[in-house]
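How does the following fold in three dimensions:
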Amino acid sequence: MQGYGLIGKKLSHSFSKIFFTEKFAREQINAVYELYELPSADQLRTLVKNNPQLRGLNVTIPYKCDVIPLLDYIDPKAAEIGAVNVIKIHPDGTLSGYNSDYEGFRYSLQRFTPPEHLYNALILGTGGAAKAVQAVLNDMGMEYTFVSRMPIGNNCISYDELPFLGLDAYRLIINTTPLGMYPNVHQFPPLPYEQLTPSHYLHDLVYNPEETAFMKRGKQYGAHVKNGLEMLYRQAEKAWEIWQM
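Residues are numbered from 1 along each chain as shown. Now for the predicted structure:
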């Protein structure tokens, strides 16, 4: 029986395990999907060695960047992004890295915002998911600014600066942080929400709960909101395609 799984630091709740377990049952695929909590990304090679049935892995917080030096091959798009969330394990034990977050987010964003509009965007967070979002916005010709608690670089500001800059110039706001994810459902990014309007689009990559505190606050001011479920389904199917290549 072939094995697949998810690696990360804390995996108490996993969409991936539910998704693939149901997929395997529905499509009568002789495979199993497991969760592998690793104290560090450096344990990747040991995990693969000790589980010869493994054919593919998903990668989640906080290892999407950390696994890159451990791989034998990196897909050009994943290299451009600087983050890997899919690992294909070849029969000889070599490891190839890919990024399916890119396709998942692009698909979701194109179905969320009007196609004739290009927005100035705020990307909340600077982790692996933010890098995939950045690549999508680059390819779609959108301007963007990162927002972080500890801003680094010329194109990154702090949350404290937002009330003074104003949200009117940023009609697309994408939350790539885990703020608001179950079980911490009352958390949300510290934005000046009162500046939001019905012309704003808030895309949360968090999918559990289906309506986050970030989304609820956006809706209070008429903003359009969307969670990360569609992106998640799309990137999961892309991961399966990669493993079967």
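
Do a quick rundown of the helices in this structure.
15-26, 44-50, 76-81, 101-110, 128-140, 162-165, 213-220, 229-243 (DSSP state H).

mean pLDDT for those: which is lowest?
Lowest mean pLDDT within those: helix 162-165, a mean of 91.

Would you tell me which of the helices of the chain gets closest to His200?
helix 213-220 (6.9 Å; CB to CB). All C-beta spots, glycine's among them, are computed from the backbone N, C-alpha and C.

Could you report the pLDDT at His13?
In this model, His13 carries a pLDDT of 68.

Please produce TSV containing the helices of the chain, extended by distance to His200.
TSV is the format used below for the helices of the chain (distance: least, CB to CB, whole Å):
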stretch	distance to His200
helix 15-26	27
helix 44-50	40
helix 76-81	26
helix 101-110	14
helix 128-140	16
helix 162-165	13
helix 213-220	7
helix 229-243	19
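
what's the closest of the ones you listed to Ile152?
Distance to Ile152, taken as CB to CB, is lowest for helix 128-140 among the helices of the chain, at 12.2 Å.

other SSEs contacting the closest one?
The helices and strands touching helix 128-140, judged by 3 or more CB pairs under 8 Å, 6 or more residues apart in numbering; DSSP states H and E, are helix 76-81, helix 101-110, strand 121-124, strand 144-148.

I'd like these as JSON lines, with distance to Gln53 appended.
Below are the helices and strands packed on helix 128-140 laid out as JSON lines (distance: least, CB to CB, whole Å):
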{"stretch": "helix 76-81", "distance to Gln53": "24"}
{"stretch": "helix 101-110", "distance to Gln53": "26"}
{"stretch": "strand 121-124", "distance to Gln53": "38"}
{"stretch": "strand 144-148", "distance to Gln53": "40"}
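
out of these, deepest packed?
Ranked by mean neighbour count under mean count of other CB atoms under 10 Å, the helices and strands packed on helix 128-140 are led by strand 121-124, which reaches a mean of 24.

What strands flank that one, and is each parallel or antiparallel?
With DSSP bridges as the test, strand 121-124 is paired with strand 144-148 (parallel), strand 172-175 (parallel).

Please list the residues outside the shortest one that contact it.
I take that to be strand 172-175. Residues from elsewhere that reach strand 172-175 (CB atoms under 8 Å, 6 or more residues apart in numbering): 113, 119-125, 133, 142, 167, 189, 191, 200-206, 212, 214, 218.

Drop anything exposed from those.
The neighbour-count criterion (16 or more other CB atoms under 10 Å) marks 113, 119, 121-125, 133, 142, 167, 189, 191, 200-206, 212, 214, 218 among these as buried.

Residues contacting stretch 209-217, please?
Taking CB under 8 Å, 6+ apart as the rule, stretch 209-217 contacts 175, 179-182, 185-189, 191, 193, 196, 202, 204, 206, 225-227, 229.

do that again at 6 Å, thanks
Stretch 209-217 has contacts (CB atoms under 6 Å, 6 or more residues apart in numbering) with 175, 180, 182, 185-186, 188-189, 193, 204, 206, 225, 227.

Looking at those, which gets the smallest pLDDT?
Lowest confidence among the contacts of stretch 209-217: Tyr182, with 88.

I'd say that residue and Val206 touch.
No - if you go by CB atoms under 6 Å, Tyr182 and Val206 don't touch, sitting 8.5 Å apart.

Give me the common contacts of these two.
Common neighbours of Tyr182 and Val206 (CB under 6 Å, 6+ apart) do not exist.

Could you pull up phi and psi at Thr126?
Torsion angles at Thr126 (phi, psi; degrees, to the nearest 10) stand at phi -140, psi 20.
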